[in-house]
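Visitor: Curious how this folds, go ahead:
(one chain, ligands or ions: 1)
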Amino acid sequence: MTDSAPLLACEGLTCGYVVGHHEVLAVDDVSLAVHPGEILGITGPSGCGKSTTLRLISGRERPDQGRVRMGGVDIWEGARRGPRLPRPGFVMPVFQDPVASLNRRWPIWRSITEPLTVGRRRMSTDERRRIAREQMGRVGLGHLDERALPARLSGGQAQRVAIVRALVAEPSLVVADEPTAALDVTTAAGVTRVLREAADSLGIALVVVSHDRNFLAVLADRLVRMDHGRVVERTSREDLQRHDPTRPYPGHQTVDITPADAGDPDLEGRSTDAPGRPNPSNEELSL
Ligand SMILES: Nc1ncnc2c1ncn2[C@@H]1O[C@H](COP(=O)(O)OP(=O)(O)OP(=O)(O)O)[C@@H](O)[C@H]1O
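Guide: Take a look at the predicted model:
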């Protein structure tokens, strides 16, 4: 893992918005990288630039300055309209509000398999329903009717559907913005296991934004903390887990925040030693 090239490498990302007569610098010189199978957490107070960073690194928004490279390719170099992703479905999003992220008029089989139809062969309804059922079974939703509408699902069920939808076309990168914020603790733990499994068994890289540092301490391999648009702290998983989670995090080890191509710890890969990683023992959750 440590020898692998970063799947996502961002350097010097800067993004501002004009609000009235002022410019808000939402993201200020952010550099980070993620490797296949790695989960990077981004945390920080409200308004510090987490969601904007996620939009920039997933190609949903163009930075004012800086580069976003996916699979070694600068996605904005020479781009006239949208980003030039390595392939369709290379990056998939998971949003905070799972029900709102699904088309409320579509049965869930249609939402789950919709990414499979983009730029690919036509698939019959029967085939799509079969695939949806198969995918649902893998995240503990095998008992649900794939013809149900999202309104029939609980928040946790809807988020699993949204995650399956994000994973079905085998993305290389999944970006998730507060994926458990709308869920209770138990449901959130199930969703956390599904995300971890996606990284471990499918080698998918994940970038997860959350204001909840304890949640990220369990899920992520590395954590960056942002404040006022900047990365102010980078923490390894080992450092996170050395700390008693029942107490607030004091100043744990702060490492350098130099640009990604100048010896950035983000580019040096993840640690494989992850003692506190949630154990995805539930077979149903296996992806
Ligand atoms: N489309 C936009 N237009 C104007 N200002 C924006 C826009 N998007 C973000 N901002 C501003 O940029 C700053 C960073 O916002 P962002 O949503 O990225 O922060 P955040 O850390 O995700 O916040 P939260 O945790 O509350 O969602 C904020 O001051 C916000 O008001």
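
Visitor: which stretches of the stretch 51-200 of the chain form strands?
Guide: Using DSSP state E, counting those that start in this stretch, the strands found in the stretch 51-200 of the chain span residues 65-70, 73-74, 91-94, 173-177.

Visitor: Of those, which stretch is the most buried?
Guide: For the strands of the stretch 51-200 of the chain, average neighbour numbers computed from mean count of other C-beta atoms under 10 Å are highest in strand 173-177, which has a mean of 24. Yep, even glycine has a C-beta here, placed from its N, CA and C like the rest.

Visitor: Please state the mean pLDDT value computed over that one.
Guide: Average pLDDT, strand 173-177: 95.

Visitor: Ok, stretch 29-37 next?
Guide: Mean pLDDT, stretch 29-37: 96.

Visitor: Helix or strand for residue 10, just tell me which one.
Guide: Per DSSP states H and E, residue 10 falls inside strand 8-19.

Visitor: If we go by neighbour counts, what in the next helix or strand after that strand is buried?
Guide: Note on strand 8-19: by DSSP H and E, the next helix or strand toward the C-terminus is strand 22-34. Using 16 or more other C-beta atoms under 10 Å as the test for burial, strand 22-34 gives 25-34.

Visitor: Next one, pLDDT for whichever residue of the stretch 151-287 of the chain sits closest to the ligand please.
Guide: The ligand sits closest to residue 211 of the stretch 151-287 of the chain, with a gap of 5.5 Å, by C-beta to the nearest ligand atom. Reading off the confidence values, residue 211 has pLDDT 91.

Visitor: correct me, but it touches residue 46?
Guide: Yes. Between residue 211 and residue 46 there is a contact under C-beta atoms under 8 Å: 6.8 Å.

Visitor: re the thing from before, so for the strand holding residue 10, mean pLDDT?
Guide: Confidence for strand 8-19, expressed as mean pLDDT, is 96.

Visitor: okay, it in PDB with CA atoms only?
Guide: Presented in PDB, the C-alpha positions along strand 8-19 are these (Å, rounded to 0.1, in the frame of the first residue of the first chain):
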ATOM      1  CA  LEU A   8      -5.900  11.300  -5.800                       C
ATOM      2  CA  ALA A   9      -3.300  14.000  -5.400                       C
ATOM      3  CA  CYS A  10      -4.300  17.600  -4.900                       C
ATOM      4  CA  GLU A  11      -1.800  20.500  -4.600                       C
ATOM      5  CA  GLY A  12      -2.400  24.100  -3.600                       C
ATOM      6  CA  LEU A  13      -6.200  24.100  -3.900                       C
ATOM      7  CA  THR A  14      -7.700  27.500  -3.500                       C
ATOM      8  CA  CYS A  15     -11.300  28.500  -3.900                       C
ATOM      9  CA  GLY A  16     -13.100  31.700  -3.000                       C
ATOM     10  CA  TYR A  17     -16.600  33.000  -3.300                       C
ATOM     11  CA  VAL A  18     -17.900  36.500  -3.700                       C
ATOM     12  CA  VAL A  19     -20.600  37.100  -1.200                       C
END
